[in-house]
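[1] pasting the structure only:
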Ligand SMILES: O=P(O)(O)OC[C@H]1O[C@](O)(COP(=O)(O)O)[C@@H](O)[C@@H]1O
Ligand SMILES: [Mg+2]
Ligand SMILES: [Mg+2]
């Protein structure tokens, strides 16, 4: 079904379901309303006050907070006040906020993803995960947020780019809604998204090559060797340094994204956060027919240990994601190729 409004889509897939599904639909609509306010702030660029300067603080993970990071966080939190949401956890807040104690769902959010790109007029976004509340003796907000990603009820991201769009999964397929200026709401822009199994394009911040482990270097070396290497075909490369923008491209035309662990200080588990970045992206990608791992194991099966933990992230076309895992676990694969490529990667010649 293409051309449906977000509201009609949510009614069609949630109305016949239980109260929790209806709550999820309400939350998505509240987030969408806040995202439209953020779209206006982002579109103002340097003309808007929100663009100027740092907030002067650091978030829970030590990253510098930009003014807009904090404004977006405030907007999403207030959009959920009065909504059926028990807890709100954000990249910008050290601890979750308790909202409605009776509610059945919780929201984990990266209010502004790709914020290092704010000044450069590159697409940025908001990533969110909707989880069922864990109840029972001793349960608290952390019991809810530390569930593995396979319990997510819904996940999505807004992208503020040339088009403002919402990528959404409520468990059956992944859909893209584009904001329609004519209709003043989000409208389904494509048929259900399907990531092709094979990829011809990879995305990685290659400036970190010297810090990666051997398996990742070998994978990239092989892509770069193209038709003259063991892959026997050429690859293209993209790195937008904005997770939402790199994900959107992969949903639309396939490819693989890698943000692996590396030896830089603070990057032993990569850069991206498990609970509010990797988990929602993994659900979106899997429900679009792709795969998402920490280079070896499925992201959605990882038991988080803390709210702001980082995780190596590899996702996209299934065959490529599986191939990255094989470089890690199959010594024969590396051994076979070592005399030819192992010692002289293109960056290491
Ligand atoms: O600058 P690097 O190391 O290439 O990292 C880029 C990555 O960092 C991020 O900007 C992290 O997200 P935040 O902007 O929310 O901190 C991702 O969007 C992007 O994929
Ligand atoms: Mg982010
Ligand atoms: Mg962020």
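    Looks like it arrived, so ask away. Small disclaimer: the values here were computed from a predicted structure and weren't measured. Ligands and ions are numbered 1, 2, ... in the order given.
[2] tell me the average confidence for stretch 325-338?
    For stretch 325-338, the mean pLDDT works out to 77.
[3] So what's the residue count around residue 330?
    For residue 330, the neighbour count with other CB atoms under 10 Å is 13. C-betas here are computed from N, CA, C, even on glycine.
[4] Now do the phi/psi pair for the residue in the chain that ligand 2 sits nearest to.
    In the chain, the residue found nearest to ligand 2 is residue 113; the distance is 3.4 Å by CB to the ion. With angles defined as degrees, to the nearest 10, residue 113 sits at phi -100, psi 140.
[5] Thought residue 124 was touching it, still the case?
    Yes: with contact defined as CB atoms under 8 Å, residue 113 counts as touching residue 124 (6.3 Å).
[6] higher neighbour count, these two?
    Higher neighbour count among residue 113 and residue 124: residue 113, with 29 against 26, using other CB under 10 Å.
[7] how much space between residue 162 and ligand 1?
    Separation of residue 162 from ligand 1 (CB to the nearest ligand atom, to the nearest Å): 17 Å.
[8] go on, residue 196?
    The spacing between residue 196 and ligand 1, counted by CB to the nearest ligand atom, is 22 Å.
[9] Find the residues that touch each one of residue 113 and residue 124.
    Taking CB atoms under 8 Å, 6 or more residues apart in numbering as the contact rule, the neighbours common to residue 113 and residue 124 are 242, 244.
[10] Helix, strand, or coil at the most centrally placed residue in the chain?
    Nearest to the mean C-alpha position of the chain, by CA atoms, centre = their mean, lies residue 281 at 3.5 Å. Assigned state for residue 281: helix (three-state reduction, DSSP: H, G, I helix; E, B strand; the rest coil).
[11] For the stretch 201-349 of the chain, which segments count as strands?
    Remark: strands assigned in the stretch 201-349 of the chain by DSSP state E, counting those that start in this stretch are 201-203, 236-237, 256-259, 291-293, 313-316.
[12] and the last one, how far from the chain's centre?
    Going back to what we said before, that points to strand 313-316. Centre-to-centre, strand 313-316 and its host chain are 10 Å apart (CA atoms, centre = their mean, to the nearest Å).
[13] returning to what we had before: which residues sit in contact with the residue nearest to the centre of the chain?
    Residues near residue 281 by CB under 8 Å, 6+ apart: 127, 155, 157, 243, 247, 292, 313, 315.
[14] ok, back up a step: need the contact list for the residue of the chain closest to ligand 2.
    Residue 113 touches 124, 125, 126, 127, 157, 242, 243, 244, 277, counting by CB under 8 Å, 6+ apart.
[15] okay if I get the residues you listed as JSON lines plus distance to residue 169 and pLDDT?
    JSON lines is the format used below for the contacts of residue 113 (distance: CB to CB, whole Å; pLDDT from 0 to 100):
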{"residue": "124", "distance to residue 169": "21", "pLDDT": "97"}
{"residue": "125", "distance to residue 169": "15", "pLDDT": "98"}
{"residue": "126", "distance to residue 169": "15", "pLDDT": "98"}
{"residue": "127", "distance to residue 169": "12", "pLDDT": "98"}
{"residue": "157", "distance to residue 169": "10", "pLDDT": "98"}
{"residue": "242", "distance to residue 169": "20", "pLDDT": "97"}
{"residue": "243", "distance to residue 169": "16", "pLDDT": "98"}
{"residue": "244", "distance to residue 169": "14", "pLDDT": "98"}
{"residue": "277", "distance to residue 169": "15", "pLDDT": "98"}
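[16] So which of the residues you listed is the closest to residue 27?
    Nearest to residue 27 among the contacts of residue 113 is residue 126, at 13.2 Å by CB to CB.
[17] For the closest one, grab phi and psi.
    Main-chain torsions, residue 126, degrees, to the nearest 10: phi -130, psi 130.
[18] for residue 231, same thing?
    Torsion angles, degrees, to the nearest 10, at residue 231: phi -80, psi -20.
[19] Pull up the gap between residue 136 and residue 241, please.
    41 Å (CB to CB, to the nearest Å).
[20] typo on my end, it should be residue 308
    Taken as CB to CB, the span from residue 308 to residue 241 is 20 Å.
[21] One more: residue 45?
    For residue 45, the distance to residue 241 (CB to CB) stands at 18 Å.
[22] Please apply the same query to residue 29.
    From residue 29 to residue 241 the distance is 30 Å (CB to CB).
[23] Kindly report the same for residue 259.
    Taking CB to CB, one finds residue 259 at 10 Å from residue 241.
[24] Show me which of the two is the more surrounded one.
    Neighbour count, other CB under 10 Å: between residue 259 and residue 241, residue 259 has more, with 25 against 13.
[25] residues touching the more buried one, list them.
    204, 205, 270, 271, 272, 312, 313, 314.
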